[in-house]
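Engineer: Sequence and computational prediction follow.
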Amino acid sequence: MSRTAISKKVRFEVFKRDGFNCVYCGAHPSETVLLEVDHVHPVAEGGTNDMDNLVTACCDCNRGKGAELLTSVPQSIEEKAAEVQEREAQIRAFYEILEARKQRRDDEMWSIADIYIERFCDDGILRTRLASIRTFLDRLDYYEVQEAMETATRKIYSKSACFKYFCGICWNKIKREVGP
Ligand SMILES: [Zn+2]
């Protein structure tokens, strides 16, 4: 079985690269979902264990639900224990990634807010404005949002007009990316 043939290190590298997402159905590790590594080019046809040939797949997508039901063999106690351990390790690693992603997004949001705060020598920024910055970061690259804020703070001298101008630049960028 592919799961035992690939080392834990490689397996988790593949999971991380794919964001702990089953590439077929998008499932994340949970109490009911166990992730496995699937060979894009099957081993039987000469596929290798190189990262390039491996993708994250949930158990159901990897084995095919129907086939699993027909051929399922009772697990030994050791196999069950190993599966529980694997499941817990996957859930833990997945949450670490989510937490790191959230932290990074917070840092990015504040570094853009700081450009605005410093420009107007303020102590803080309205919560709604922070929320706007976060929305733009969800839809644009960090550097695009940063550039928009730098342009707005350079051009506009009134505080609220400046933020409006910043939002305008960002929405235009989003529209351009989505297309007409
Ligand atoms: Zn799946």
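Structural biologist: Cool, the structure landed. Residues are numbered from 1 along each chain as shown.

Engineer: Any chance you could list what contacts stretch 82-100?
Structural biologist: The contact list for stretch 82-100 (C-beta atoms under 8 Å, 6 or more residues apart in numbering) reads 8, 12, 15-16, 19-20, 28-31, 34-35, 75. Where you see a C-beta, it was placed from the backbone N, CA and C, and this is true even at glycine.

Engineer: Counting neighbours, which bits of it end up buried?
Structural biologist: 86-87, 90-91, 93-94 (16 or more other C-beta atoms under 10 Å).

Engineer: likewise stretch 165-180?
Structural biologist: 165-167, 169-170, 173.

Engineer: Please apply the same query to stretch 138-158.
Structural biologist: For stretch 138-158, the buried set under the neighbour-count rule, 16+ other C-beta under 10 Å, comprises 140, 142, 144-146, 148-149, 152-153, 156.

Engineer: Please flag which of those residues sit within strands.
Structural biologist: Residues from the buried residues of stretch 138-158 lying in strands, with DSSP state E as the criterion: none.

Engineer: and those as JSON lines, adding distance to the ion and pLDDT?
Structural biologist: JSON lines is the format used below for the buried residues of stretch 138-158 (distance: C-beta to the ion, whole Å; pLDDT from 0 to 100):
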{"residue": "L140", "distance to the ion": "29", "pLDDT": "95"}
{"residue": "Y142", "distance to the ion": "30", "pLDDT": "96"}
{"residue": "E144", "distance to the ion": "33", "pLDDT": "97"}
{"residue": "V145", "distance to the ion": "33", "pLDDT": "98"}
{"residue": "Q146", "distance to the ion": "36", "pLDDT": "98"}
{"residue": "A148", "distance to the ion": "38", "pLDDT": "98"}
{"residue": "M149", "distance to the ion": "39", "pLDDT": "98"}
{"residue": "A152", "distance to the ion": "43", "pLDDT": "97"}
{"residue": "T153", "distance to the ion": "45", "pLDDT": "97"}
{"residue": "I156", "distance to the ion": "48", "pLDDT": "91"}
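
Engineer: Among the residues you listed, name the ones in helices.
Structural biologist: Those of those mapping onto helices are 142, 144-146, 148-149, 152-153, per DSSP state H.

Engineer: Could you dump these into JSON lines and include distance to E45?
Structural biologist: As requested, those are exported to JSON lines (distance: C-beta to C-beta, whole Å):
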{"residue": "Y142", "distance to E45": "41"}
{"residue": "E144", "distance to E45": "43"}
{"residue": "V145", "distance to E45": "45"}
{"residue": "Q146", "distance to E45": "47"}
{"residue": "A148", "distance to E45": "49"}
{"residue": "M149", "distance to E45": "52"}
{"residue": "A152", "distance to E45": "55"}
{"residue": "T153", "distance to E45": "57"}
